[in-house]
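Colleague: Next input, structure requested:
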Amino acid sequence: MQCPACSVELLEENINIQTDVARCHACKNVFKISEQVGKYVPPSFDITKPPEGVTVNQGTHSLELGTSLRSLAGCFLVPFSIVWGGLSIGGIYGTQIVTGEWDIITTLFGIPFVLISFFLFGLAMLAVFGRTSITLDSNGGTVFTGIGNTGYRRSFTWDLVTDVSIKTTYTSKGYPNKSLVIQAKKKVTMGSGLKEDKLTYFFNAVYSIWKKRKEHIV
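Modeller: The predicted model follows:
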């Protein structure tokens with residue numbers, strides 16, 4: 001384990017698992033062990049050697065790391081969204097279109113079903129054609145999730161980043177879901193649903209760059 005303040009490797013006698021406290025012999029920093037678990041980039045990590053399925057594009061002043069969001073879930077979501085949309089929208093609006101008679105109550109009732117249908121179809125397209133990436137430069141980074149050039153972007157600046165970690169959340173049925181969390185002025189997340197090796201790579205890349213910049217500033 002490394003000290004989160006100065007990155008010096010801790011001495012074994014300064015780590016107390018039972019009390020969840022560790023103390024750095026170099027800078028005297030005292031911190032909770034549980035808050036630092038998993039925040040360690042192995043010395044062998046090479047950002048230019050990503051796992052299979054992850055691309056690295058080195059620009060003149062930036063670095064882009066990306067991967068496809070394609071998954072087996074798309075095999076289920078595509079037909080499900082088509083059936084759901086066809087039955088719900090067709091059942092509510094089909095008769096009105098055929099007869100040419102519109103009922104305001106029925107029309108308003110169908111709006112949530114239309115929105116859900118678009119949401120499901122969007123998830124299905126992401127599971128088939130989607131991609132997520134993070135572009136890093138000297139100022140900060142931008143996380144992108146979408147299809148082609150169309151999607152959702154969230155940005156951050158290095159000077160406002162206070163933590164980089166992998167967080168685990170749980171679905172309503174208790175299934176774990178891990179994602180990379182960059183804590184800045186606004187929390188930026190990415191990688192939800194990615195395989196463990198890909199998510200670990202993204203964490204190692206972002207965390208190591210952030211730590212180096214932090215140490216340089218200090």
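Colleague: Thr200: what's its closest spatial neighbour, skipping adjacent residues?
Modeller: Sequence neighbours aside, Ile166 is the residue nearest to Thr200 in space, at 7.6 Å (criterion: C-beta to C-beta, 6 or more residues apart in numbering). C-beta here means a position set from N, CA and C on the backbone, and glycine is covered the same way.
Colleague: Can I take it that that neighbour is in a strand?
Modeller: Yes. Under DSSP: H, G, I helix; E, B strand; the rest coil, Ile166 sits within a strand.
Colleague: Now for it, how many residues are close by?
Modeller: The tally of other residues near Ile166 (other C-beta atoms under 10 Å) stands at 18.
Colleague: From Ser81, how far off is it?
Modeller: As judged by C-beta to C-beta, to the nearest Å, Ile166 and Ser81 stand 30 Å apart.
Colleague: And Ser62, by the same measure?
Modeller: 35 Å.
Colleague: Looking at these two now, which is surrounded by more residues?
Modeller: Ser81 (20 against 14).
Colleague: helices and strands around the helix or strand harbouring the more buried one, which ones?
Modeller: Using DSSP states H and E, Ser81 maps to helix 73-89. Counting contacts by 3 or more C-beta pairs under 8 Å, 6 or more residues apart in numbering; DSSP states H and E, helix 73-89 is packed against helix 104-129.
Colleague: Compute the inter-axis angle for the helix it packs on and helix 73-89.
Modeller: Orientation note: helix 104-129 sits at an angle of 170 degrees relative to helix 73-89 (axes from the mean of the first three to the mean of the last three C-alpha atoms, to 10 degrees).
Colleague: Just want the angle from the following helix or strand past helix 104-129 to helix 104-129.
Modeller: Note on helix 104-129: by DSSP H and E, the next helix or strand toward the C-terminus is strand 131-137. Orientation check (the same axes, to 10 degrees): strand 131-137 against helix 104-129 gives 70 degrees.
Colleague: List the strands paired with strand 131-137, with their directions.
Modeller: strand 62-68 (antiparallel), strand 140-147 (antiparallel) (DSSP bridges).
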